[in-house]
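Peer 1: Below is the structure, and that's it, no one-letter string:
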C-alpha cells in the first residue's frame, strides 16, 4: 500500500467515525494522520520497521503507529472495515455529494436509517429532508441538484488518478514470470481529460499456457486495493478498486497484441471508421488481427504500426484517435508533428509561500531548472483571493524585488516576475496598473462570481483582455473537472478578442482543470490564438503535471508553433512585452 492509499483509508475512517458520532479528538487524530502521511516525501512502508522514525512524524502517535503497521501487514484497517460493515460502503458515496458532509449524513441516518444516494434522493423528493434540524426547502433543492451533478460525473476519474492506478497494476504484473508486456489502453492512453473503466493489456508466455495463466490471475487478485472481483474468465479478469474504478485486465498472445492495442485504445468512432476502411480494402479488423476477407488469414496484428501501414495509413498517435479527421490526414501524409513535453522551455504559472504555495522562490526555481527549463515565472495571487493571502500593491512590489534578486543569484534559468491577478466582477484587474506594468507576465484569472450571466461574463473577460497589462488569461473557463462546471461565456468572441489584443490563452495542466480543453484549444488554433501550457504549481512536485497539459495539446493537434513557451527565453520575453 502506498501513502495515498493509506491516507485514503484514514480519511474515510475519520468521516465514518464522524457519522458514527464518535469523539471529535479521535476523528481529528485520523484526519491529522492522513494529512501527515499524504505529505510525506517518502513511502511510509520504507520506514515502518523503524517505529521511532514513524513516531517523529507530526500527527502520528503510538495508536496510529499500530494502525499503520496493521494496514501495511494486512492491506486493511479493521476499524475501517467494521464501520463500512455497519453503515455499508454506500455511505461513502454520500460523502461525494457536494454539500452533504458527515454531520448531515449522520442526521439523515439517525432519523431515517438511510445510507445510499437513492434513499436520500427519495427522502428529498418526498420533502422529508426539510423536516430535519438545520434543514429547509432551499437546502433540499440544493441537495437534489447536487445528486443530479453527482450522477452525471459518477464513474469518472481524473487523468492523474487513473494513471496512478494503472502504474500500480503495471508494477504488480510486469515482473511476473512469463509476462512480456503490460500496457494500459483505452481513454487513459488517449489522454482523455477523465477516465471511466481502465483497460490493461498483458501479453507473454503466461497468457498462452493454461496453468501459467491461472497463476497470473491468482497473482492479479492479490493486487493491493482490489475490493471486488467482477468476472474471472479464461482471457480476462475484471475487478473494482477501493476508489470505485473498474479494471479489465486482458490476456493476449503476442501475435494479437498490436491488434488489441489498436482496438482497445481508439475511440468507438475512430475504430468504426478504421474497420470501414479495412472492409473497403478487402480486410476485416478485430481485436485479434487484421485478416483478409477472402480466407480470414491474418496479415497483421503483432504491432499497431503494421496494422496502420497495411491499411496504407501513417501511424496515428493514440491521442489523435477520436475520428476528428486523423484517418484522412494519415492517408494523405498530413498528420501534424504534435508538440511534445521536450519542446517546452518554461513553466509560467507557479505560486510560493508568499501566498498559498508550499515552497520558496528559490526552491521552485531549482525544481524548474532540474526539469531542464530555461525560464519560469513566479505568479502569486493578488489580494482579492484573501484565503490565499493574496498580494496588495505594496507586497506585490516587494515580491517583484525578491524575484529579481533570486534571478540574479540562481544561474542557469531566467526567473520572470509575474502575478496571477484576479479579474474582478466588473472586469477590472485586482492590482493597480502602475504595479502590473512592472511585471514580466500578468496572468488574469477569474476566481469569483462564477454565477454571472453569459453576457456579463463575456463582457468581464473582454474588459480584462483589453487591459494593456494582460498577457495571458488563466484557466479560461474556470471549470474544475468532476466538481464544478465551466462558467458561461461566448468562447468565439473571447478568442477573437484575444487574437486582436495578442493575449494568450492558458492550457492549465493541473489534472483537475485541464483548461482549456482539447476542443477549445483546437478552436483557439483556428482563430489564431497562441497557447501557454502551465502547471499552476503550488509545490515543486506539481511541475511534473505538465505532461497532462501536453497530452491535451496533442489531442488538439497543437504543434510547437502554436505554444509560446516553446520559444527561447529572449523571444518569450519579447512576446510578453510586445505581443506575439
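Peer 2: Perfect, thanks for sending it. These figures come from a predicted structure and were not determined experimentally. Numbers count the residues shown, from 1 in each chain.

Peer 1: can we go C-alpha only for contacts and neighbour counts from here?
Peer 2: OK.

Peer 1: Do I have it right that residue 350 meets residue 537?
Peer 2: Yes - Residue 350 sits in contact with residue 537 when judged by C-alpha atoms under 8 Å, with a separation of 4.5 Å.

Peer 1: Count the residues that sit near the residue nearest to residue 369 when sequence neighbours are not counted.
Peer 2: Computed as C-alpha to C-alpha, 6 or more residues apart in numbering, the closest residue to residue 369 that is not its neighbour in sequence is residue 413, at 6.2 Å. Burial of residue 413 is recorded as 20 neighbouring residues (other C-alpha atoms under 10 Å).

Peer 1: Could you pull up phi and psi at residue 413?
Peer 2: Summarising the backbone geometry of residue 413 under the convention degrees, to the nearest 10, its torsions are phi -150, psi 140.

Peer 1: For it, report the pLDDT, please.
Peer 2: Model confidence at residue 413, given as pLDDT, is 98.

Peer 1: likewise residue 12?
Peer 2: Turning to residue 12, the model gives it a pLDDT of 89.

Peer 1: Spell out the secondary structure type for residue 363.
Peer 2: At residue 363, secondary structure determined by DSSP: H, G, I helix; E, B strand; the rest coil is helix.

Peer 1: mind giving me the domain split of the chain?
Peer 2: Taking automatic domain parsing as the domain assignment, the record places the domains of the chain at 3-153, 157-252, 258-331, 341-578.

Peer 1: which residues touch the residue nearest the centre of the chain?
Peer 2: Centre of the chain computed as the mean C-alpha position; nearest residue by C-alpha atoms, centre = their mean is residue 511, 2.5 Å away. Counting by C-alpha atoms under 8 Å, 6 or more residues apart in numbering, residue 511 touches 158-160, 193, 545, 548-549.

Peer 1: And residue 509, by the same measure?
Peer 2: Neighbouring residues of residue 509 by C-alpha under 8 Å, 6+ apart: 515, 533-536, 545-550.

Peer 1: can you list those residues in CSV and add neighbour count, secondary structure and distance to residue 268?
Peer 2: CSV is the format used below for the contacts of residue 509 (neighbours: other C-alpha atoms under 10 Å; DSSP: H, G, I helix; E, B strand; the rest coil; distance: C-alpha to C-alpha, whole Å):
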residue, neighbour count, secondary structure, distance to residue 268
515, 28, strand, 24
533, 30, strand, 29
534, 28, strand, 31
535, 25, coil, 31
536, 27, coil, 33
545, 18, helix, 28
546, 22, helix, 28
547, 20, helix, 25
548, 24, helix, 23
549, 29, helix, 24
550, 26, helix, 23
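
Peer 1: can you put these in JSON lines and add pLDDT and distance to residue 507?
Peer 2: Converted to JSON lines, the contacts of residue 509 look like this (pLDDT from 0 to 100; distance: C-alpha to C-alpha, whole Å):
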{"residue": "515", "pLDDT": "97", "distance to residue 507": "5"}
{"residue": "533", "pLDDT": "98", "distance to residue 507": "5"}
{"residue": "534", "pLDDT": "98", "distance to residue 507": "6"}
{"residue": "535", "pLDDT": "98", "distance to residue 507": "8"}
{"residue": "536", "pLDDT": "97", "distance to residue 507": "10"}
{"residue": "545", "pLDDT": "96", "distance to residue 507": "12"}
{"residue": "546", "pLDDT": "98", "distance to residue 507": "10"}
{"residue": "547", "pLDDT": "97", "distance to residue 507": "11"}
{"residue": "548", "pLDDT": "98", "distance to residue 507": "10"}
{"residue": "549", "pLDDT": "98", "distance to residue 507": "6"}
{"residue": "550", "pLDDT": "98", "distance to residue 507": "9"}
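
Peer 1: if I look at residue 521, how far off is residue 320?
Peer 2: 14 Å (C-alpha to C-alpha, to the nearest Å).

Peer 1: And the helices in the stretch 351-500 of the chain?
Peer 2: Remark: helices assigned in the stretch 351-500 of the chain by DSSP state H, counting those that start in this stretch are 361-370, 393-409, 433-436, 454-466, 491-501.

Peer 1: List the contacts of residue 450.
Peer 2: Taking C-alpha under 8 Å, 6+ apart as the definition of contact, the neighbours of residue 450 are residue 487.

Peer 1: The same query, at a cut-off of 10 Å, please.
Peer 2: Listed by C-alpha atoms under 10 Å, 6 or more residues apart in numbering, the contact set of residue 450 reads 425, 457, 477-479, 484-488.

Peer 1: Filter these down to the buried ones.
Peer 2: Judged by neighbour count, with 16 or more other C-alpha atoms under 10 Å as the criterion, the buried members of the contacts of residue 450 are 425, 457, 477-479, 487-488.

Peer 1: Looking at the chain, which strand is longest?
Peer 2: strand 414-422 (DSSP state E).

Peer 1: average model confidence for stretch 442-459?
Peer 2: The average pLDDT within stretch 442-459 is 97.

Peer 1: buried stuff in it?
Peer 2: By neighbour count on 16+ other C-alpha under 10 Å, the buried set for stretch 442-459 is 442-447, 450, 456-459.

Peer 1: Likewise for stretch 31-41?
Peer 2: Taking 16+ other C-alpha under 10 Å as the basis for neighbour counts, the residues of stretch 31-41 that come out buried are 31-38.

Peer 1: What distance do you get for residue 215 to residue 501?
Peer 2: The value you get for residue 215 to residue 501, if C-alpha to C-alpha is used, is 63 Å.

Peer 1: next one: residue 240
Peer 2: Shown here: residue 240 relative to residue 501, a distance of 50 Å by C-alpha to C-alpha.

Peer 1: With residue 438 instead?
Peer 2: The spacing between residue 438 and residue 501, counted by C-alpha to C-alpha, is 19 Å.

Peer 1: got it, and residue 356?
Peer 2: 30 Å.

Peer 1: who touches residue 56 in this structure?
Peer 2: Contacts were defined as C-alpha under 10 Å, 6+ apart; by that measure residue 56 touches no other residue.

Peer 1: Relative to residue 48, how far out is it?
Peer 2: From residue 56 across to residue 48, the span is 12 Å (C-alpha to C-alpha).

Peer 1: Same check on residue 141?
Peer 2: Note on residue 141: its distance to residue 48, by C-alpha to C-alpha, is 47 Å.

Peer 1: Correct me if wrong: residue 452 contacts residue 461.
Peer 2: No - proximity of residue 452 to residue 461 does not meet the contact threshold set by C-alpha atoms under 10 Å, at 11.6 Å.

Peer 1: Need the overlap of contacts for these two.
Peer 2: Overlap between the contact sets of residue 452 and residue 461, as judged by C-alpha under 10 Å, 6+ apart, is given by 425, 489.

Peer 1: ok, back up a step: is it possible to export the contacts of residue 511 to CSV including distance to residue 201?
Peer 2: What follows is those, written out as CSV (distance: C-alpha to C-alpha, whole Å):
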residue, distance to residue 201
158, 21
159, 18
160, 19
193, 21
545, 25
548, 22
549, 25
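
Peer 1: which residues does the nearest residue to residue 557 once chain neighbours are set aside bridge with?
Peer 2: With C-alpha to C-alpha, 6+ apart as the measure, residue 338 is the residue that lies nearest to residue 557, at 5.8 Å, once sequence neighbours are left out. In this structure, residue 338 has the following beta-bridge partners (DSSP bridges): residue 559.

Peer 1: secondary structure element for residue 168?
Peer 2: When secondary structure is defined by DSSP states H and E, residue 168 falls within helix 159-173.

Peer 1: can you list contacts of the helix or strand just after that helix?
Peer 2: Using DSSP H and E, the helix or strand that directly follows helix 159-173 along the chain is strand 181-184. Taking contacts as C-alpha under 10 Å, 6+ apart, the residues outside strand 181-184 that touch it are 162-163, 166-167, 169-175, 189, 198-204, 248-252, 254, 257, 261, 264-265.
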